[in-house]
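# Provided below are the primary sequence and the corresponding predicted coordinates.
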Amino acid sequence: MGAFSRALAAHRNAEGGRRWLFVPYDQLTDELGPLSREDPRTLGIVLIECPGKAARRPYHKQKLALVLANLRHFAIEQASRGVAVRHVVAPSYVAGLEGLADELGVLRVMRPAERELRVELAPLVARGALVEIPNEAWLTTPEDLAGPGPWRMDVFYRAVRRRLGILMKGGKPLGGKLSFDAENRRAWPGDPPAPAPLSYEVDAITAEVCELVETRLGHHPGALRPAAIPATKADAARAWAWAKEQCLPQFGPFEDAMSTRSRTLFHTCISPLLNLGRLRPAVVVSDVEALDVPLASKEGFIRQVLGWREFVHHVHEATDGFRRVRGVTQPTATRPGRGGFDTWSEVAWPAANGGDGGSLLSVLGANRPVPPAFWGAPSGLRCLDEVVSAVWEEGYSHHITRLMVLSNLAALLDV
């Protein structure tokens, strides 16, 4: 038995007479849904590790390790609360779940954020083996998107700020305006100093996950840095405490800055933890609203979470991942994309089962493949080479380097 199996066996709880939940990899929290309000001694959860999911497309090794380490630690955390835990390794999520409904009874699941998983689970939902309940992580509703489109984030953001009363007083926005974006564009001169990134304890479970990634998933790209993985609920809390103290006071002015001296500047780096469910959007928005930091920093951060994150979620749902736009069904790639893997590795990515390559809608008519420079081949453009190097070393790029370097160059090149 490995470290994870031993730890889970040490917390094994009787399974009889429980109501069961399937918990996807993006809902690793007991602060939402049934886990937050039902007696843990009456609940059981199913957690699935799916090698078939990893086989569909090239994922960064750091992402693979982050997801698996958090899922395994979440299993131990819930077992220690008295929840019964079934940890399953299966080639697909359906394969992992289809027999369990007969054994354990109908399972519930909060609606997954990822379309690919929703599609895979649809047959189980259709035959009643799996019951979908609302995902309570979102702060807004589909009605906030208002109408059939075209949609604009600034209109959406202003409306939800007013409806929810965030950074508002007496029906008016604090500071007299709803966005301080124009004040969030300063270049960073090197002072104040950017905070040093956190590192985390690599316990036996995380070390075991990293070994698994290197040995069984070593053909995936990117470097793996175990000490940069926040893997536990306590790690997530520590990451957020660091972000509030070290990043948020200066986040606003330098939100749109880029520098070769710091890859993260004053960005909080909490997006992965929000997307895994380790941090709750409602909590981070409330915390920032209460912080004693400049208003431009508060508003700039809240605009990312309450504005962009929620807006993109609703557009994704309303268009079925851009597969249906204004009533018109769009062509779809038949298999998951490889993102230029073949040019980087000189080995074809193996054929995979499940998923598709997404909508082929391209308003600008882009048709060129991802160039080798995006995989680390020297381009002669220092801005591009610096950002690409950071991505493959750390699995991270903040929103300005993604938009203004990677995405801007891709658009200019018709990628």
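Okay, I see it. Quick caveat, the model's predicted, so the values are computed rather than measured.
# and the gap between Q27 and G218?
28 Å (C-beta to C-beta, to the nearest Å). Every C-beta, even on glycine, is put in place using the N, C-alpha and C of the backbone.
# So those two - more neighbours on which side?
Q27 (24 against 10; other C-beta atoms under 10 Å).
# need the contact list for that one.
G33, M110, P112, N135, A137, G277 (C-beta atoms under 8 Å, 6 or more residues apart in numbering).
# Pull the most distant pair out of those.
Spatially, the most separated pair among the contacts of Q27 is G33 and P112, at 12.2 Å (C-beta to C-beta).
# where do the contact lists of those two overlap?
Q27, N135.
# Need the nearest residue in space to S397, chain neighbours excluded.
Nearest non-adjacent residue to S397, counting by C-beta to C-beta, 6 or more residues apart in numbering: V391, 5.2 Å away.
# and that neighbour, that's in a helix?
Yes. Assessed by DSSP: H, G, I helix; E, B strand; the rest coil, V391 belongs to a helix.
# isn't it right next to H398, touching?
No. Judged on C-beta atoms under 8 Å, V391 makes no contact with H398 at a distance of 10.8 Å.
# all strands of the stretch 201-350 of the chain, in order?
324-325, 328-329, 332-333 (DSSP state E, counting those that start in this stretch).
# between those strands, which gets nearest to E299?
strand 324-325 (30.9 Å).
# how far does that closest one sit from the chain's center?
On the basis of C-alpha atoms, centre = their mean, to the nearest Å, strand 324-325 sits 24 Å off its chain's mean C-alpha point.
# contacts for that strand?
For strand 324-325, using C-beta under 8 Å, 6+ apart, the contacting residues are T319, Q330, L361.
# distance of W308 from L274?
W308 is 12 Å from L274, by C-beta to C-beta.
# before we move on, what about L167?
Distance from L167 to L274, by C-beta to C-beta: 19 Å.
# any weak-confidence spans in the protein?
Scanning the chain for pLDDT under 70 picks out no residues.
# Can you give me every residue that contacts the residue lying closest to L361 once chain neighbours are set aside?
Leaving aside its chain neighbours, L361 sits nearest to Q330 (4.4 Å; criterion: C-beta to C-beta, 6+ apart). Taking C-beta under 8 Å, 6+ apart, we find Q330 in contact with F322, R323, R324, S359, L360, L361.
# One more: R57?
Contacts of R57 were listed using C-beta under 8 Å, 6+ apart, and they are P336, G337, R338, G339, W349, A352, G355.
# and what of P230?
By C-beta under 8 Å, 6+ apart, P230 lies in contact with L66, N70, L198, Y200, A236, R238, A239, P272, L273, R278.
# 7 Å - rerun?
By C-beta atoms under 7 Å, 6 or more residues apart in numbering, P230 lies in contact with Y200, A236, A239, L273.
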